[in-house]
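1. Predicted coordinates and the sequence they were generated for:
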Amino acid sequence: MNQWQDGKIRCPWANPQNPRYVQYHDQKWGRPVKDDHELFKMLILETFQAGLSWEIVLNKEEGFAHAFADFDVKKIAQFTQADQQRLQNDPSIIRHRLKINAAVNNAQVFMQIQKEWGSFAKYLWHWTVGKTIYETGQTHSPLSDVVSKDLKKRGMKFVGTKTVYAYLQAVGVVNSHEPGCFLYHATELSSNVAHSMLML
């Protein structure tokens, strides 16, 4: 990894030509999120990212916020067929019919999880007992496998293990800043310990 003009070293995926992407790397990616609104927002964006570049999705964040009621889970859960058709014609977002349908469906499941657990954050973080895992060089893991399986069982869509792993990285359940990056820090919980918890 090379040193940037500001003197910092960053993960190699960060694009120095895109200030929005750099800001995302520096201020959001890998930082623990416990707020349900932010967790739902990132879930929506990550499901739209499936098969695409995250940079593409990030560049359309404002468009998604406007189209999806500022990521209000209650409002999205009530989107009608007419709303979904409107979104399919909205050039400010990624116009993928199945992903749009999934966003509405996943909002409904998200709320069911909130009702069962008290918050989605409690559900998500219970998998690692509230701890962050550090690991790099992965696109999925035993953790993302089991979370993906559980979300699918509950009825969520576009939550395959790779999408879930990217989501876990985005909201800080998994910290994947690489050694050398100025945001790298010591392991809070080793991946081996975390994965062994899944057997409990």
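-> Perfect, I can see it now. Note that the coordinates shown come from a computational prediction; the quantities given were computed from them, not determined experimentally.

2. tell me the centre residue of the chain?
-> Of all residues in the chain, the one closest to the mean position by C-alpha atoms, centre = their mean is residue 167, 2.7 Å from it.

3. So the closest residue to residue 177 other than its chain neighbours, which state does it fall into?
-> Residue nearest to residue 177 in three dimensions, not counting chain neighbours: residue 183, with 4.3 Å by C-beta to C-beta, 6 or more residues apart in numbering. Glycine gets a C-beta too; all of them are placed from N, C-alpha and C. Classification of residue 183 by DSSP: H, G, I helix; E, B strand; the rest coil places it in coil.

4. surely the residue nearest to the centre of the chain meets residue 43?
-> Yes: counting by C-beta atoms under 8 Å, residue 43 is a contact partner of residue 167 at 6.2 Å.

5. pull the longest helix from this protein.
-> Within the chain, and with DSSP state H defining each element, the longest helix by residue count is helix 97-117.

6. next SSE after it?
-> helix 120-126 (DSSP states H and E).

7. tell me the mean pLDDT over the following helix or strand past that next one?
-> From helix 120-126 onward toward the C-terminus, using DSSP H and E, the following helix or strand is strand 133-134. Mean pLDDT, computed over strand 133-134, is 93.

8. so what secondary structure elements neighbour strand 133-134?
-> The elements that strand 133-134 packs onto, with contact taken as 3 or more C-beta pairs under 8 Å, 6 or more residues apart in numbering; DSSP states H and E, are strand 174-175, strand 189-190, helix 191-197.
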